[in-house]
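> fold the stuff below for me.
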Amino acid sequence: MLRAMKYRLRGLVGPALFLALTYYFGWNAVHGKSGLEAQAAQRTELHAAQIQADTVHKTMLMWQTKVASLSGQSIQPDMLDEEARDVLNLANPNDLVIDLPAQKTSD
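Reported below is the predicted structural model:
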């Protein structure tokens with residue numbers, strides 16, 4: 001009887017070891033450092049970083065365009081004067097300024 005139990009246990013050791021290894025590698029394939037869950041999180045982070053990089057690139061292009069338009073060859077003095085007056089909310093003393101009444105809206 002003892003010999004039969006040893007024979008059966010010996011026959012179960014191989015499959016049990018194989019199942020344990022399969023479980024270990026399967027669990028790591030899903031939950032491990034390089035598993036499916038980690039890859040999904042990395043894809044999400046990559047997508048967010050790409051969106052942020054695109055936003056920064058668009059902002060950089062906008063500023064490059066503005067800086068390029070301020071160079072001496074491309075800027076027009078009257079456009080600069082108009083923009084400065086608009087930003088500073090000022091007028092030239094020689095300008096004629098007429099205040100217009102606010103338009104009434106009919107509700």
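> so for the longest helix anywhere in the chain, mean pLDDT?
The residue-count maximum for a helix in the chain (DSSP state H) belongs to helix 36-69. For helix 36-69, mean pLDDT is 93.
> which strands and helices sit next to that helix?
Judged by 3 or more CB pairs under 8 Å, 6 or more residues apart in numbering; DSSP states H and E, helix 36-69 is in contact with helix 2-31. Any C-beta I mention is one placed from the backbone N, CA and C, and that applies to glycine too.
> list the buried ones in the helix it packs on?
Across helix 2-31, burial judged by 16 or more other CB atoms under 10 Å covers no residue at all.
> quick one: distance of it to the chain centre.
Distance of helix 2-31 from the chain centroid (CA atoms, centre = their mean, to the nearest Å) equals 46 Å.
> that one versus helix 36-69: what angle between them?
Per axes from the mean of the first three to the mean of the last three CA atoms, to 10 degrees, the angle that helix 2-31 makes with helix 36-69 is 10 degrees.
> other SSEs contacting helix 2-31?
The contact analysis (3+ CB pairs under 8 Å, 6+ apart) places helix 2-31 against helix 36-69.
> give me the mean pLDDT for the helix or strand just after the helix it packs on.
Next in sequence after helix 36-69, counting helices and strands by DSSP states H and E, comes helix 77-88. Mean per-residue pLDDT for helix 77-88: 81.
> contacts for helix 77-88 next, please.
With contacts defined as CB atoms under 8 Å, 6 or more residues apart in numbering, helix 77-88 is touched by Leu90, Ala91, Asn92.
> then it to CSV, C-alphas only?
This file holds the C-alpha atoms of helix 77-88, laid out as CSV (Å, rounded to 0.1, in the frame of the first residue of the first chain):
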residue,chain,number,x,y,z
PRO,A,77,6.0,100.2,-38.7
ASP,A,78,2.4,101.1,-39.0
MET,A,79,1.2,97.6,-38.0
LEU,A,80,3.5,97.7,-35.0
ASP,A,81,2.2,101.1,-34.0
GLU,A,82,-1.4,99.9,-34.4
GLU,A,83,-0.8,96.8,-32.4
ALA,A,84,1.0,98.7,-29.6
ARG,A,85,-1.8,101.2,-29.4
ASP,A,86,-4.4,98.4,-29.2
VAL,A,87,-2.5,96.5,-26.5
LEU,A,88,-1.8,99.6,-24.4
